[in-house]
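**Student:** test case, fold it:
(chains A and B)
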There are 2 protein chains.
Amino acid sequence: MLGKLVGPDLEEMLANKAFDLVRQTIEDLHPADIAEVLEEMPRESSAIIFRIMPRNQATEVFEYLPVEEQSHIVSTFGTKALASMLNEMAPDDRMRLFEELPAGVTKQALATLSPSELEVARELMGYPENSAGRYMTPEYLTLGPDMTAEEALVHIRKHGAGRETLNMLYVVDGRGKLLDDVRLSSLVMASPETKVVDLVQHDVITISAKTDREEVVGLFEKYDRVALPVTDSEGVLVGIITVDDVLDVAKQEATEDIHGLGGVETLDAPYFDIGLFSLFKKRGGWLAILFFGEMFTATAMAVFEHKLAQAVVLGLFIPLIISSGGNSGSQAASIIIRALALREIQLRNFFKVFSRELLSGLMLGLLLGGIGFARIMLWERLFGTYGEHALKLGGVIFLSLVFVVLFGNLVGASLPFFFRALGFDPAKASAPFVATIVDVSGLVIYFSVASWILSGTLL
Amino acid sequence: MLGKLVGPDLEEMLANKAFDLVRQTIEDLHPADIAEVLEEMPRESSAIIFRIMPRNQATEVFEYLPVEEQSHIVSTFGTKALASMLNEMAPDDRMRLFEELPAGVTKQALATLSPSELEVARELMGYPENSAGRYMTPEYLTLGPDMTAEEALVHIRKHGAGRETLNMLYVVDGRGKLLDDVRLSSLVMASPETKVVDLVQHDVITISAKTDREEVVGLFEKYDRVALPVTDSEGVLVGIITVDDVLDVAKQEATEDIHGLGGVETLDAPYFDIGLFSLFKKRGGWLAILFFGEMFTATAMAVFEHKLAQAVVLGLFIPLIISSGGNSGSQAASIIIRALALREIQLRNFFKVFSRELLSGLMLGLLLGGIGFARIMLWERLFGTYGEHALKLGGVIFLSLVFVVLFGNLVGASLPFFFRALGFDPAKASAPFVATIVDVSGLVIYFSVASWILSGTLL
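**Tutor:** Presented below is the predicted three-dimensional model:
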């Protein structure tokens, strides 16, 4: 919103080379707002503004930029400016920037880190993608269990500068093993001589560094914390994850699931930031795959072409029948995908889910089948549309709908499970993907039911 | 996970009336874990366990339960137990419980609140549903601008107990107007004589009490805070919102969007907690509406029945053509729904989005049309499937796909805008809903193109 207001002014100032004016204009803005303004500007302009901002402001703004923007800016930087920028970034944000950069740039960027920062980066990089290890920051502060509250506060004053958060402090033993966490507010509220060990609540929740990020989101949701500690297999504290990163992860996961369900590759940038051609690529690939799958409908129809020629009336209901299966499949897929993402159901619940969806698919099939049958009978009564075979035709529509809706439901409910079992994202079981499977099989079901019921009469 | 382990043991203990054993078993568990166990038990059992837990533990566990469980437990409680429980809850959590309760129970519950708690509840209730006012808590602590850091810490020790968070403190003037917020850690780190006014960063972000919760999530994502202050139109501090509530809201919003996109009423409880029949109702309604919409395909087909009888070959490609439109519509809808939810695009961007999707729809239509044309020509070359009219048929398929995919794309991209403009949730523009519109119009497009190109030959 702000960007729309300030952006054009800034661009005019740049055109007039009024750099001092630019500096003054953005001086009092919040770094997040400046980042927003920069995102909406052409990249050449934002790179210039970046250069004329004071260094400390530039660093703050940089951290608020999306990774793609950061990566662009990094690539326009000289080594010295780069080093200073990277060294000031929070380790977890820097890590995600590295993941995004082309390998050559990453190498250059890593080379610019100070030795101690480099060690941190290397440590963070050893963990698998999307694991807690990638999101943790080593910028926490630890306390000894035998410190008093007063000593702890003195310790915090001395060593607290530059930590990602001081809201939670971590109590570790001599070998770095995590004993518990304690709130800064508990230390402040406690009488000065209370021992830290007596302030902890003995309910520390720890995350393993290899935990999947989706599960990390679940832990934060469940326990309402602002930060959680990450430990290695020995229980040694190796980092903490803060809730602001978790909120970002939750947003990304939801975006992936929504785009997945719609049958699109996840867009990793805001809508207007994606070029028309790259949008085309992200959609065209899946659309073409679905199209090839859907071609089997033409193949299936060709098999039944002579039946269609005998009873053209059957053709009228093809879209109705197959789309009903696709719709119930979309519903089931969206429910199961979300339940899997929120860990309400697990892989091992498959048979329980399957039998539940067998039942509900049957109920829904009977509902739609009933409506379909009533439609045929009503039209016949009102307009005499279908002639002497109306009842049989009604039967075909009824039975086909029951089977197709049931089948669609089972496909929609099962596919996300299969995808997860195979190690893919369950959200890739998109509504269009389910619909394509159901379209092809729905035609086979429909014409089989029709051949069976109408044989000897219409067929 | 834990529930699966402890739950059955607990039920056995209950059956044996070994209540002391139950109490011991859950004594050392985290309240969130107990809540999880209770959720997975039959409601009679969980109500009993609730009664035998010590009161303070019960209160803590209660806050972790989903609102539906809370509402059930409340309805089984006597007024006295209820009063004690409600009075201990955080005001914002209590508010959401009230929203869920049947009116009679709410009235009874409100009557049990202490006068001061009642005032808080009334204050929270005046704000529209899903507004920031509903999620804020009045349990924050304020500081005067002229306090020193040391005085502020003394003030916090004296008045800090029972506040929702002490991580952020709020600096207000004599009339309650919010001047800024300050981190507890800044107070701790500052030298004792520093004035509070010199510690603030002059970058306070405020939320209006009427702000929509979706926007609140956006603000937290943008500014990486653990709590944000809520002010009224005069800038007076009226509450704060904490990030744990925001994480819950983000989760609910994503669930609504994913279920919406799949064409289901949002399920407001975990998958296995929803009865088969209420799941049927949540799905059957939409499915029946879609079915009625889809019936127009039969009507449209009936109009073209004689053409289909003349050229049965046209029937073969019906599913392929209409589903391609539905697929591109699903893609567009998922992209636009998510972009609207993340506020990457606004209502006023409609024409920009529309013209973008006009272009990308055309590109995608040309892609699929090209593949479809190639398929016809290839089959003709290989098997001589389509005879002398193959080229014309290829032309029909090509042109129909271009138009149908383009049309589907525009419907999928526009519908979420229309829904938002009408005050509905854009996510109600579900993939099945878009597909239904496109199926009906796709048939009309297909047969119109066919009539035009094939007139005088096949038709």
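
**Student:** from here on, contacts and neighbour counts on C-alpha atoms
**Tutor:** Fine.

**Student:** now for chain A, the helix or strand with the poorest mean pLDDT.
**Tutor:** When the helices and strands of chain A are compared on mean pLDDT, DSSP states H and E, helix A:103-112 comes out lowest with a mean of 64.

**Student:** which strands or helices does the helix or strand harbouring A:Arg375 pack on?
**Tutor:** In the assignment (DSSP states H and E), A:Arg375 maps to helix A:350-383. Under the contact criterion of 3 or more Cα pairs under 8 Å, 6 or more residues apart in numbering or on different chains; DSSP states H and E, the helices and strands touching helix A:350-383 comprise helix A:390-421, helix B:276-303.

**Student:** and that helix, what's buried?
**Tutor:** A:353-354, A:356-373, A:375-377, A:380 (16 or more other Cα atoms under 10 Å in any protein chain shown).

**Student:** what parts of the stretch 301-450 of chain A come near chain B?
**Tutor:** The stretch 301-450 of chain A has residues A:301-302, A:305, A:308-309, A:312-313, A:315-320, A:323-324, A:326-328, A:330-335, A:338-339, A:344-345, A:356, A:360, A:363-364, A:367-368, A:431-432, A:436, A:439 near chain B, with proximity defined as Cα under 8 Å from any Cα of the partner chain.

**Student:** just the stretch 51-200 of chain A next, same as before
**Tutor:** Counting by Cα under 8 Å from any Cα, the stretch 51-200 of chain A sits next to chain B at A:64, A:153, A:156-157, A:160-161, A:166-167, A:184-185, A:188-190.

**Student:** now a ChimeraX select for only the buried ones of the residues of the stretch 301-450 of chain A next to chain B.
**Tutor:** Buried subset of these, written as a ChimeraX selection, criterion 16+ other Cα under 10 Å:
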select /A:301,302,305,308,309,312,313,315,316,317,318,319,320,323,324,326,327,328,330,331,332,333,334,335,338,339,345,356,360,363,364,367,368,431,432,436,439
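
**Student:** which ones among the residues of the stretch 301-450 of chain A next to chain B lie within helices?
**Tutor:** Of these, the ones assigned to helices by DSSP state H are A:301-302, A:305, A:308-309, A:313, A:315-316, A:318-320, A:323-324, A:326-328, A:330-335, A:338-339, A:356, A:360, A:363-364, A:367-368, A:431-432, A:436, A:439.

**Student:** any regions of the stretch 51-200 of chain A where pLDDT drops low?
**Tutor:** Low-confidence segments of the stretch 51-200 of chain A, defined by pLDDT under 70, are located at A:78-82, A:99-112, A:118-125.

**Student:** which residues in it form helices?
**Tutor:** A:55-64, A:67-75, A:79-88, A:91-100, A:103-112, A:115-125, A:132-135, A:149-159, A:184-189, A:196-199 (DSSP state H, counting those that start in this stretch).

**Student:** ranking those helices by burial, who's on top?
**Tutor:** Mean neighbour count, computed with mean count of other Cα atoms under 10 Å in any protein chain shown, is highest for helix A:132-135 among the helices of the stretch 51-200 of chain A, reaching a mean of 27.

**Student:** contact partners of that one?
**Tutor:** By Cα atoms under 8 Å, 6 or more residues apart in numbering or on different chains, the surrounding residues in contact with helix A:132-135 are A:92-93, A:95-96, A:124-128, A:207-213, A:216, A:230, A:239, A:241, A:245.

**Student:** from chain B, how far off is A:Glu349?
**Tutor:** If you look again at residue A:349, you'll see it is Asn, not Glu. Between A:Asn349 and chain B the distance is 10 Å, computed by Cα to the nearest Cα, to the nearest Å.

**Student:** my error: substitute A:Met41 in the last question.
**Tutor:** In terms of Cα to the nearest Cα, A:Met41 sits 15 Å off from chain B.

**Student:** these two touch, right, that residue and A:Asp9?
**Tutor:** No - the pair A:Met41 / A:Asp9 is not scored as a contact, 11.1 Å apart, by Cα atoms under 8 Å.

**Student:** thinking again about what came up before, which of the contacts of helix A:132-135 are buried? Put it as a ChimeraX command.
**Tutor:** If you want just the buried ones from these in ChimeraX, going by 16+ other Cα under 10 Å, the selection is:
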select /A:92,93,95,96,124,125,127,207,208,209,210,211,212,213,216,230,239,241,245
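
**Student:** out of the contacts of helix A:132-135, which sit inside strands?
**Tutor:** Judged by DSSP state E, the subset of the contacts of helix A:132-135 located in strands is A:207-208, A:230, A:239, A:241.

**Student:** now do the contacts for A:Pro270.
**Tutor:** Under the criterion of Cα under 8 Å, 6+ apart, the contact list for A:Pro270 reads B:339, B:344.

**Student:** now the one 4 residues further on
**Tutor:** A:Ile274 is in contact with A:Leu267, counting by Cα under 8 Å, 6+ apart.

**Student:** in chain A, which residue is most central in space?
**Tutor:** With distances taken as Cα atoms, centre = their mean, chain A has A:Glu253 as the residue nearest its mean C-alpha position (1.6 Å).

**Student:** assign that one to helix, strand or coil.
**Tutor:** In three-state terms, and counting by DSSP: H, G, I helix; E, B strand; the rest coil, A:Glu253 is helix.

**Student:** before I go, just wanted to say thanks for your time.
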